[in-house]
Every structure is written in structure tokens, then in C-alpha cells.
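J.: the sequence isn't on hand, but the structure is:
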């Protein structure tokens, strides 16, 4: 019964972190749109025909844009990006925890 609780708790923790990550992405989009509209449109450019919001997330994660983000010298933007990073890491951590506890449950039974 304890393993089941750990599996459900890890799964719910992963869902919560994923929701927090999506919320941070929307906050970053709104912040860039209001503060740096040209940079926002550059990030929203859909080069692979995957949709504007997916293109924004893909372009935001490109290593080549790190220099441009650093040149903006905006601490609020860097804090939002760091919060999104921690939410993404949390969702991976909780997903791996759920898999681990499920594996333990199978091995014990």
C-alpha cells in the first residue's frame, strides 16, 4: 500500500511540475511580448511548421539564443527561465520516481 501511495504521489508531483512549467512558459511569452516584442517575434518564427507556441518553446531552448538572452541583461527574464528549468527538472525527477517505485512494486509482488 505504501508503494502505491509513493507511485501516485510521484505521478501527481510530475503533473504539478509539468503544469508549473507550462505556466512559466506562458508567463515568459507574455513578458517577452510586452517588454521585447521584436525578440518575441523572432522566437515565435515557425521554421518547421509545428505551430507558433511549439516553435516558441523550441526556439527558446536553442543554445544559439543564449547569447541574445544574456545581452538583454534582464534579471526578471532570467528568473523566469530558471523557474521554468526547475519545473522541467522536477517533472523529470517525479516521473523517474514513479517508474522507480512502480518497478519496486513489481519486484516485491
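T.: Okay, I see it. Please read all numbers here as calculations on a predicted model, not as lab measurements.

J.: once you drop chain neighbours, what's closest to residue 40?
T.: Nearest non-adjacent residue to residue 40, counting by CB to CB, 6 or more residues apart in numbering: residue 32, 4.2 Å away. Placement of C-beta: from N, CA and C, glycine included.

J.: list the contacts of the one you found.
T.: 39-40, 43, 77 (CB atoms under 8 Å, 6 or more residues apart in numbering).

J.: repeat that for residue 52.
T.: Listed by CB under 8 Å, 6+ apart, the contact set of residue 52 reads 44, 46.

J.: do residue 31 as well
T.: Residue 31 makes contacts with 76-77, 80, as judged by CB under 8 Å, 6+ apart.

J.: which one of those residues is nearest residue 3?
T.: Of all the contacts of residue 31, residue 3 sits closest to residue 80, with 36.4 Å by CB to CB.

J.: any idea how far residue 20 is from that closest one?
T.: 12 Å (CB to CB, to the nearest Å).

J.: after the strand or helix carrying residue 56, which helix or strand is next?
T.: Under the criterion of DSSP states H and E, residue 56 resides in helix 52-60. Proceeding N to C from helix 52-60, the next assigned helix or strand is helix 66-72, under DSSP H and E.

J.: could you name the helices and strands sitting against that following helix?
T.: The helices and strands touching helix 66-72, judged by 3 or more CB pairs under 8 Å, 6 or more residues apart in numbering; DSSP states H and E, are helix 75-108.
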